[in-house]
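# Provide a 3D model corresponding to the input given below.
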Amino acid sequence: MIMIDLDTLDKACPKEQHLKRLAKDLTNIDLDFVYKSDFKNAKELRDFVEAISDSIWMPEKWKKRFILVTDEMNNNAIEYWSRWEDQNRISIKMIKEKKVLQIEVEVEDSWKWKSPKNAEEMYKIKEEKMKKGFWQETWIRWRWLFLIIENTVDKLYFQDSKKWWLIVWVQKNIDLSD
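Numbering: from 1, shown residues only. Model prediction:
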């Protein structure tokens with residue numbers, strides 16, 4: 001795993017150059033980003049996710065979905081679970097084997113905002129929302145974490161963290177033979 005601090009990274013350097021320097025094998029990527037909880041960093045993360053997707057030749061529709069899922073997880077951590085300028089972490093792992101690309105994204109927040117939830121509470125909220133049929137909503141502008149993730153990824157879990165607080169993790173296996 002390679003740790004990248006967005007606050008000290010040379011912003012003028014293209015993301016593709018950073019990736020070539022950081023990831024020796026672009027079919028297996030394991031990067032951790034730490035950053036201040038500030039929406040200014042969201043664009044940097046989106047740009048990195050796009051560069052990562054391009055570096056492994058991810059199909060266009062999955063690239064867009066991967067950017068959306070990662071962005072939504074990051075934005076939720078910033079907006080709901082961390083105070084401004086607390087440190088958050090996002091981990092991106094990609095393993096490409098034969099015709100399958102496995103993607104894992106994990107976000108950790110600081111749990112210092114108005115009404116933080118632990119993993120158990122998040123599972124209860126998810127269960128309540130799913131019982132009400134929220135996963136079937138198709139509103140174009142409705143960007144809700146459970147909706148996007150439930151309709152896009154294979155696995156979702158929440159875990160309490162020792163260093164920060166809440167971990168939100170997703171996994172998706174993409175069949176590249178399509």
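# how much space separates the residue of the chain positioned farthest from its centre from Phe146?
Relative to the C-alpha centroid of the chain, counting by C-alpha atoms, centre = their mean, Lys132 is the outermost residue, at 25.6 Å. According to C-beta to C-beta, to the nearest Å, Lys132 and Phe146 sit 11 Å apart. (Each C-beta comes from the backbone N, C-alpha and C, glycine too.)
# ok, Gln130 - contacts?
Let me fix one detail, which is that residue 130 is Met and not Gln. Applying C-beta atoms under 8 Å, 6 or more residues apart in numbering to Met130 gives the contacts 146, 150.
# quick check, Ile174 in a strand?
Yes. Judged by DSSP: H, G, I helix; E, B strand; the rest coil, Ile174 forms part of a strand.
# that one - nearest residue in space that isn't next to it in sequence?
Leu101 (4.5 Å; C-beta to C-beta, 6 or more residues apart in numbering).
# per-residue pLDDT, that neighbour?
Leu101 is assigned 89 on the pLDDT scale.
# what do you get for Ser53?
pLDDT for Ser53: 85.
# got a list of what it touches?
62-63, 66-67.
# closest to Ser110 among these?
Checking those against Ser110 with C-beta to C-beta, the nearest one is Ile67 at 23.6 Å.
# right, and the closest one touches Leu45 too?
No. Applying C-beta atoms under 8 Å as the test, Ile67 and Leu45 come out as separate, 9.3 Å apart.
# which of those two has more neighbours?
Comparing Ile67 with Leu45 by other C-beta atoms under 10 Å, the one with more neighbours is Leu45, at 22 against 19.
# so the more buried one makes contact with Met73?
No. With contact defined as C-beta under 8 Å, Leu45 does not count as touching Met73 (9.8 Å).
# quick check: neighbours shared by those two?
Ile90.
# worst-scoring helix or strand of this structure, pLDDT-wise?
None of the helices or strands of the chain scores lower by mean pLDDT, DSSP states H and E than helix 15-22, at a mean of 64.
# after it, next one along is what?
The element immediately downstream of helix 15-22 (helix or strand, assigned by DSSP states H and E) is strand 28-36.
# list the contacts of that following strand.
Applying C-beta under 8 Å, 6+ apart, the contact partners of strand 28-36 are 1-7, 19, 22-23, 41, 44-45, 48, 52, 55-56, 84-96.
# check which strands are paired with it and give the direction for each one.
Using DSSP bridges, the strands paired with strand 28-36 are strand 2-5 (parallel), strand 87-97 (antiparallel).
# the inter-axis angle of the following helix or strand past it versus strand 87-97?
Later in the chain than strand 28-36, the nearest helix or strand by DSSP H and E is helix 40-55. Between the axes of helix 40-55 and strand 87-97, defined by axes from the mean of the first three to the mean of the last three C-alpha atoms, to 10 degrees, the angle is 10 degrees.
# and helix 40-55, which residues are buried?
41, 44-53, 55 (16 or more other C-beta atoms under 10 Å).
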